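> Predicted structure and sequence below. I'll ask about it afterward.
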Amino acid sequence: QVQLVESGGGLVQAGGSLRLSCAASGRISNTYTMGWFRQAPGKEREIVAGIMYGGGSTYSDSVKGRFTISRDNAKNTVYLQMNSLTPEDTAVYYCAANPWGLGLPSDQWTAWGPGTQVTVSS
């Protein structure tokens, strides 16, 4: 089994920053593709950013230029630095992993964390 545990969520004012972390353990290789998804109330889960073992990454248009995904392969940890936050970024953020790569729909990501709440006040 793979365990993913997110941390770093919380309440922040608009324009502020947060850094999310996700520690992976269990039956997971550090070559897995890692990603961050989010789900706001009443909305579908959407991918925010993904990163491959070698560092190649993608972002959703809504966060491009504001969020940065990174990973420490030695620690099996992935990070999401979120800057210039807006109330529209309010959601539960989930860490996910898959052994295949980027560009996959959410149902093909094989491991998920329990999520961490991010709330941005106006």
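Okay, I see it. These figures come from a predicted structure and were not determined experimentally.

> Quick check: pLDDT value at the residue nearest to residue 4 when sequence neighbours are not counted.
Spatially, and ignoring its direct neighbours in sequence, residue 4 is nearest to residue 113 (3.7 Å; CB to CB, 6 or more residues apart in numbering). C-beta here means a position set from N, CA and C on the backbone, and glycine is covered the same way. Predicted confidence (pLDDT) for residue 113: 97.

> give the contact list for the most centrally placed residue in the chain.
The centre of the chain sits closest to residue 36, judged by CA atoms, centre = their mean, with a distance of 2.0 Å. For residue 36, the contact set (CB atoms under 8 Å, 6 or more residues apart in numbering) comprises 20, 22, 47-50, 69, 78, 80, 93-96.

> Now it: which helix or strand?
Using DSSP states H and E, residue 36 falls within strand 33-39.

> Double-check residue 13 against residue 90; I have them as touching.
No. Using CB atoms under 8 Å, residue 13 is not in contact with residue 90, being 11.8 Å away.

> out of those two, which sits in the busier spot?
Shown here are residue 13 and residue 90; by other CB atoms under 10 Å, residue 90 has more neighbours (18 against 10).

> how close does that one get to residue 41?
For residue 90, the distance to residue 41 equals 8 Å [CB to CB, to the nearest Å].

> average pLDDT for the strand holding residue 36?
The average of the pLDDT scores along strand 33-39 is 97.

> Need the contacts of residue 36 in a markdown table (columns: neighbour count, pLDDT and distance to residue 117).
A markdown table is the format used below for the contacts of residue 36 (neighbours: other CB atoms under 10 Å; pLDDT from 0 to 100; distance: CB to CB, whole Å):
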| residue | neighbour count | pLDDT | distance to residue 117 |
| --- | --- | --- | --- |
| 20 | 23 | 98 | 11 |
| 22 | 25 | 97 | 14 |
| 47 | 21 | 97 | 18 |
| 48 | 23 | 98 | 14 |
| 49 | 24 | 98 | 18 |
| 50 | 25 | 98 | 21 |
| 69 | 22 | 98 | 19 |
| 78 | 28 | 97 | 18 |
| 80 | 26 | 98 | 14 |
| 93 | 23 | 98 | 8 |
| 94 | 24 | 98 | 11 |
| 95 | 28 | 98 | 13 |
| 96 | 24 | 97 | 17 |
